[in-house]
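Engineer: dropping the sequence and predicted coords here.
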Amino acid sequence: MNIDLQRFAGPCACGHEHTITVKDIWIEPGAVKRLGDLLKGYAHPVIICDANTKKAAAGSMRDYFDSLEILEVTGSDIHANDNYVAKIQENLAETADILIAVGAGTIHDLTRYTAYARGINFISVPTAASVDGFVSTVAAMTWHGMKKTLPAAAPMYVLADTDIFAKAPFRLTASGISDLMGKYTSLLDWKISHIVTGEYYCETVSRLESEAVREVESVLDRIRDEDPECMEKLMYALILSGLAMQMIGNSRPASGAEHHVSHLWEMEIINDYIDALHGEKVSVGLILCLEYYEKIRKAIESGECRVVDGRAYETELLQDTFGAKGKYQDAKKENDPNLMETLDLSDLESKLPLIAREIAALPESEKMRGLLADAGCVTRMEELGMPADKKDLTLRLCPYVRRRLTLLRLAKNFSFPGSLY
Ligand SMILES: [Zn+2]
Ligand SMILES: [Zn+2]
């Protein structure tokens with residue numbers, strides 16, 4: 001299928017005029033055959049891939065691999081970080097005038113950042129439906145040890161070839177399912193911030209994304225069986241999540257508290273290195289957030305949720321954790337000025353019923369855990385090698401990894417039996 005991008009661009013009921021920078025997206029068997037036409041007029045295209053993604057695309061892309069220059073990123077543990085960006089910059093010819101990312105999330109982040117830095121375009125060839133970042137305009141990077149969202153280029157074209165991505169190792173597909181299901185809490189966090197602070201919110205973008213999430217949720221068993229048509233639905237929903245970021249201009253619709261959990265663990269502030277995929281960490285983050293949000297809802301409904309003043313920056317907590325790793329100043333800088341400084345607590349109290357109603361529309365945590373587990377996804381901290389006793393500290397600390405208001409951050413002002421505050 002060819003995605004009709006005009007549907008997403010233009011004036012919207014939210015008052016904004018949404019723009020889409022990607023020119024065309026195909027999700028179909030044989031999509032990479034279009035590459036030849038798309039490269040006409042370019043003198044020096046370079047394919048960026050790694051050994052695994054090169055192998056995954058070899059059958060469908062043989063002619064291109066034979067005729068185009070290839071920059072194969074090498075290393076035992078390739079990450080989207082400053083080291084690998086430097087490696088690519090060193091090895092990429094000055095005359096390269098377009099890049100072709102053949103890979104999953106990491107290769108895309110490295111390519112989009114490089115394309116942006118060089119001021120050239122790139123074409124995306126996803127080798128797995130493993131993340132939602134293919135058309136993102138920002139790169140999720142670890143930069144000198146801190147998780148950063150850096151400006152980057154969106155692809156000019158996406159060639160999602162079902163013959164390639166539907167055959168990816170299932171672990172990658174499961175990671176994509178998890179990244180997608182994480183939109184439940186990211187969209188909720190966005191809506192709640194809108195309700196409480198008046199932050200800009202687009203109902204259309206949110207609806208588009210949640211419809212696509214539900215569509216995938218209804219065919220999870222067929223994705224488990226690697227049914228190509230259902231795999232295309234997953235790829236479509238993931239790409240749509242990226243388009244939502246383009247329409248809003250940042251990752252707000254696609255990244256909330258569940259991603260903050262993942263980012264915190266990636267920063268290794270309270271844990272050792274976790275050898276897990278992005279979606280696997282988001283998956284566990286989603287379940288932890290759903291569980292805590294459910295507790296908040298029940299406390300509000302039973303009248304046990306009191307609003308307390310938890311607006312202040314938790315200096316001691318941050319010094320004991322980020323500080324112990326020499327990252328206190330970085331964490332402080334990320335959070336300045338304090339997001340909750342101007343929060344009106346009596347107004348927040350009056351909005352508790354609205355907040356409970358929004359949480360009630362989320363799937364139940366146990367039901368989601370069952371769905372994800374049946375679909376082959378990770379759902380428990382132990383599966384990641386994270387001790388379960390780090391759960392509370394994770395939930396308290398992770399809202400500080402990004403200066404973005406989530407229900408989890410707001411919950412620092414909620415006190416109820418069993419609450420973290
Ligand atoms: Zn809108
Ligand atoms: Zn994600």
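Structural biologist: Cool, the structure landed. Note that the coordinates shown come from a computational prediction; the quantities given were computed from them, not determined experimentally. Ligands and ions are numbered 1, 2, ... in the order given.
Engineer: near ligand 1, which residues of the chain are found?
Structural biologist: With CB under 5 Å from the ion as the criterion, the chain meets ligand 1 at residues Cys12, Cys14, Cys202, Thr204. From N, CA and C alone the C-beta is placed, and that goes for glycine too.
Engineer: tally up the residues packed near the second one, please.
Structural biologist: Cys14 sits with 16 neighbouring residues when counted by other CB atoms under 10 Å.
Engineer: just the element for it, please.
Structural biologist: If you go by DSSP states H and E, Cys14 is not part of any helix or strand.
Engineer: one step back: mind giving me the ChimeraX command for buried ones among the residues of the chain next to ligand 1?
Structural biologist: Buried residues within these, by 16 or more other CB atoms under 10 Å, are selected in ChimeraX with:
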select :14,202
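Engineer: all helices of the stretch 201-350 of the chain, in order?
Structural biologist: Assigned by DSSP state H, counting those that start in this stretch, the stretch 201-350 of the chain shows helices spanning 203-217, 220-224, 228-248, 257-267, 278-301, 315-321, 328-335, 345-350.
Engineer: phi, psi of the nearest residue to Cys14 once chain neighbours are set aside?
Structural biologist: Spatial nearest neighbour of Cys14, excluding adjacent residues (CB to CB, 6 or more residues apart in numbering): Cys202 at 3.9 Å. Per-residue torsions, Cys202: phi -120, psi 110 (degrees, to the nearest 10).
Engineer: dump the helices of the stretch 201-350 of the chain to JSON lines, plus distance to Val125 and mean pLDDT.
Structural biologist: As requested, those are exported to JSON lines (distance: least, CB to CB, whole Å; pLDDT from 0 to 100):
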{"stretch": "helix 203-217", "distance to Val125": "21", "mean pLDDT": "96"}
{"stretch": "helix 220-224", "distance to Val125": "21", "mean pLDDT": "96"}
{"stretch": "helix 228-248", "distance to Val125": "12", "mean pLDDT": "95"}
{"stretch": "helix 257-267", "distance to Val125": "25", "mean pLDDT": "96"}
{"stretch": "helix 278-301", "distance to Val125": "19", "mean pLDDT": "98"}
{"stretch": "helix 315-321", "distance to Val125": "40", "mean pLDDT": "97"}
{"stretch": "helix 328-335", "distance to Val125": "33", "mean pLDDT": "93"}
{"stretch": "helix 345-350", "distance to Val125": "46", "mean pLDDT": "98"}
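Engineer: of all those, which one is nearest Leu362?
Structural biologist: Relative to Leu362, the nearest member of these by CB to CB is helix 278-301, separated by 6.2 Å.
Engineer: ok, the residue nearest to Cys14 touching Glu17?
Structural biologist: No: at 11.3 Å, Cys202 and Glu17 do not qualify as touching, with contact defined as CB atoms under 8 Å.
Engineer: who's in contact with the closest residue in space to Ser241 that isn't next to it in sequence?
Structural biologist: Counting by CB to CB, 6+ apart, Asp132 is the residue found nearest to Ser241 once chain neighbours are left out, at 3.7 Å. Shown in contact with Asp132 (CB atoms under 8 Å, 6 or more residues apart in numbering): Gly176, Asp179, Leu180, Leu238, Ile239, Ser241, Gly242, Ala254.
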